[in-house]
Each structure stands twice: as C-alpha cells, then as structure tokens.
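> give me a 3D structure for the following:
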Amino acid sequence: MTGPLTLGKMTLEVVSDGTWRLDGGLMFGIVPKVLWERVAPADEQNRILMALNCLLVRTDRQIILVDTGLGDLWDEKFHQIYAPDRSRSLLQQLAARGLRPEDVDIVINTHLHFDHTGNNVRRQGERLVPTFPRARYIVQRGEYEHAQAPNDRDRASYRSITWEPLRENGQLELIDGDHEILPGVRLVKVRGHNRDLQVLFLHSEGQTAVFWSDLIPMTPHVHKPWIAALDQYPLETLEQKNRLLPQAVREQWLCIFYHDPHIPIGRIIEAEGRFRVVPIEGG
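Below you'll find the predicted structure:
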C-alpha cells in the first residue's frame, strides 16, 4: 500500500487489487530468461509475480479511478492458470480510504484486457452490474470495437463480461484519440501494446504524472529492448519509448507502473546511457 502523493492540486494514490502470475517470457519477449529472472524470478511454471496497481486520483472536482484490476469473476481454471492473490482487493483498499463505489465519478480503462477491467462489474445475484454505479467508464472507441472481434493472437486477453454491463447500463463512454476529460487530466492514445491503448497524463501546477499502463508495465521495461511478447506492435512500443522516456527524465515525471510488484511509483533517471527507476519515498 502506498501513501497519498501530491501533484499540484491533485492527490494521487495507488490502490492495489492484489497480485497474479503470468509467464515471464510473455512479459519480456526477446530478452533471455537469464537476464529477466534477475529482476523477476519465475516459479516452477515459469510465471512471474505481477501487481495490479490501480490509481486513485482526487481533483478539486472529481474522484477518478484508473483501471480496475482482476476482480473476482473468474472460475477455478482461471485461478489455476494465473494464481490471483486478492487478499488486498480494490474495493477493500477504497473502503480503507473512506470511499464507497458510489463515490467514484470516473473510471478510466486504459484498454479492455481482463487484468485491467475485472472490477468494472460485480455480481448481484444472477446478474452482473457496474461496480461503480455513478461513474462514467471511459474507453477508446477503437479499443472497444476491436474487443468485440479480437484476432486470434489477442482473443484470450478480452472477456466481454467486464464491459457489456456498462454498455447496457449507459455508463460506457467512448472517445476517439487524445482527449482532456477534465482540466489537467489527459488521455493520449499510444499504439504499441495494442492499437488503441490510452496512457493517462496528469498535469497540475507545473508537475506531471503518467500512468503508463502496459506501454511500460513494470520498471524493468524502461530498458528499451525489454518489450512484452504480448505487444501487438512491438516496434511502435520501441518508438514510443524513444519519444517519451527522455522527456520523462527531463521533466521529472511521476511514473506509475501498473504491474510492478515492488515499485508502483517512481521517477525515471538516465545514467550511462541506460534508464532506470528510482522509487518515490513513501510511495
């Protein structure tokens, strides 16, 4: 659990939905295991520990939640494959901060892969209903359209039960490309992990924070060649890193890493031609 951090007039806080495990080769692509296992040790099934670091943003107007973790919609086969540990669930983390689901005004889904949307909905008897009943759920239109008919390569990443109840309830808001949803709260479409990933940029009083989502899912991925095998457009991921990482260093962005189990928030520095992440004290 991290404490709240101030970004100008905003307050930011990581709220965890626990951890899960995924094949290390999927997360590190062409990087040899002898290198990546130094920073992400694998279990006997070659799975590494990954976090679900959702972000809570409080502005003077709204309460925003960025991505919603895995949730508890899944069957025993899912648990055997991914070994989720939700002893710290998202809703428990929000409640510990005095927040009810009804208090959330906006939910941003950076994309619709199941590990980013699992708490979008909850079970109510035999039905699935939106977990955050007052919230606008904001998704890129292109991502929503792709999720309706994914290709064979990424089909397993999408589970329609995590977003169809939002559409049926009129809470799904589709946007096209870059969009400032509130003053200082900007979504930028970044092709790489998939075609229509959206990265969140927060700006307040000369300070910037970025929620990288799966463009840079864990801190080892600040190394440019460390690109997940899951990325649909890996060379475009590399292009985005070449563009954004030097700016993050130069402007001292506060960086949130959705899947990193050890450093959820930090700043990127460059030393001897390599990027690395320095944790934020108290973060």
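> quick check: next helix or strand after whichever strand or helix holds Leu35?
Using DSSP states H and E, Leu35 maps to helix 33-36. From helix 33-36 onward toward the C-terminus, using DSSP H and E, the following helix or strand is strand 47-58.
> give me the sheet partners of that following strand and which way each runs.
Paired with strand 47-58 in the same sheet, following DSSP bridges, are strand 10-23 (antiparallel), strand 63-66 (antiparallel).
> what residues of stretch 52-60 count as buried?
Under the neighbour-count criterion of 16 or more other CB atoms under 10 Å, stretch 52-60 has 52-59 buried. For the C-beta atoms, the positions are set from N, CA and C on the backbone; glycine is no exception.
> and what of stretch 33-47?
36, 40, 42, 47.
> if we only consider the residues you listed, which is nearest to Phe275?
Within the buried residues of stretch 33-47, distances to Phe275 taken as CB to CB reach their minimum at Trp36, with 15.9 Å.
> distance check, the residue nearest to Asp178 when sequence neighbours are not counted against Leu244.
On the basis of CB to CB, 6 or more residues apart in numbering, the spatially nearest residue to Asp178 that is not a chain neighbour turns out to be Val188, at 5.0 Å. With distances taken as CB to CB, to the nearest Å, Val188 is found 10 Å from Leu244.
> which one of these two has more residues nearby?
Neighbour comparison, Val188 and Leu244: the larger count goes to Leu244, with 19 against 16 (by other CB atoms under 10 Å).
> ok but that one is inside a helix, no?
Yes: the secondary structure assignment for Leu244 places it in a helix, going by DSSP: H, G, I helix; E, B strand; the rest coil.
> what's near enough to touch it?
Val210 (CB atoms under 8 Å, 6 or more residues apart in numbering).
> quick one: pLDDT of it?
Note on Leu244: pLDDT of 98.
> so the residue nearest to Asp178 touches Leu202, yeah?
No: no contact is recorded between Val188 and Leu202 when judged using CB atoms under 8 Å, the distance being 11.5 Å.
> burial measure for Asp176, as a count.
The number of residues packed near Asp176 is 10, by other CB under 10 Å.
> phi, psi for it please.
Listed backbone geometry of Asp176 is phi -120, psi 110, with angles given as degrees, to the nearest 10.
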